[in-house]
Every structure is written in C-alpha cells, then in structure tokens.
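> what would the 3D arrangement of this be:
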Amino acid sequence: MKQTIYDILKGKFLIADDAMKNWRMLLFLSFLAIIMIASSHNAESKVHEIARLNNEVRELRTQFVDGRTELMQLKMESSVIEKMTKKGIKRPTKPPQKIIVKE
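The predicted structure is shown next:
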C-alpha cells in the first residue's frame, strides 16, 4: 500500500509499460477540466451581463416614471393657464361651441 502511494507520487504510472492508457485518461480528464472552466467562465459572464441589464432596466423605469409625472403636471389645466397668462393669452369667457357638419 505504502509502495503504491510512493509510485503514484513519483509518477511511475506515467513511464510504465502500460502508460499509454494512463496518458489517454490524463489527456481526457485535462480536456474535460478545460471545458468545465470555459463553461463556468461563460456562465459567470452571463450572470454579470444580466445584473448590468437589470440595473439599466431599473434606471430606465425610474426615468419613465419621472417623465410621466412631469407630463401629468404639464397637462394640468392650472399649469396651462399659468403659462398662457405669462404669454398674454387670457382664458375665454364663453365656452367653446360645437360645430356639427351635416352631409
């Protein structure tokens, strides 16, 4: 048992007569490890991209809400009247009349 562990640590399994099957296995395991590392790196980069996009969505949603509230304030009758009086346009005293066209 002790001798087998020493042989493995010294690398005798790589230079023995039947070492070719060991080398094949090592190359196969190395290839699998490289694929696993690449896959992990790819998944992690996608996670970072998703986090960045989520932050961008939150920021755009905030800008949308701010723009919508500003638009609602601009559309209010009181703000329109105030801006028109600054330009010299007064509020009409008579209500508008509906024009009906008959064919």
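
> distance between the longest helix that the chain contains and the chain's centre?
Secondary structure of the chain per DSSP state H: the longest helix is helix 19-75. From the chain centre to the centre of helix 19-75 is a distance of 7 Å (C-alpha atoms, centre = their mean, to the nearest Å).

> packing partners for that helix?
helix 12-15 (3 or more C-beta pairs under 8 Å, 6 or more residues apart in numbering; DSSP states H and E). Bear in mind the C-beta positions are built from the backbone N, C-alpha and C, glycine included.

> residues contacting the helix it packs on, please?
Contacts to helix 12-15, defined as C-beta atoms under 8 Å, 6 or more residues apart in numbering, come from residues Asp7, Ala19, Asn22, Trp23, Leu26.

> give me the number of residues near Ile81?
Neighbours of Ile81 under the rule other C-beta atoms under 10 Å: 13.

> give me the neighbour count for Ile99.
Ile99 has 5 nearby residues by other C-beta under 10 Å.

> closest to Pro96 out of the contacts of helix 12-15?
Set against Pro96, the nearest of the contacts of helix 12-15 by C-beta to C-beta is Leu26 (89.1 Å).

> what about Val65, neighbour count?
Val65 has 10 nearby residues by other C-beta under 10 Å.

> apologies, that question was intended for Lys75.
Residues near Lys75, counting by other C-beta under 10 Å: 9.

> over to Asn22?
Asn22, neighbours per other C-beta under 10 Å, totals 14.

> can you report how many residues neighbour the closest residue to it other than its chain neighbours?
Nearest residue to Asn22, sequence neighbours excluded (C-beta to C-beta, 6 or more residues apart in numbering): Phe13, at 5.3 Å. The number of residues packed near Phe13 is 15, by other C-beta under 10 Å.

> now Ala19
Ala19 has 14 nearby residues by other C-beta under 10 Å.

> who are the contact partners of it?
Phe13 are the contacts of Ala19 under C-beta under 8 Å, 6+ apart.
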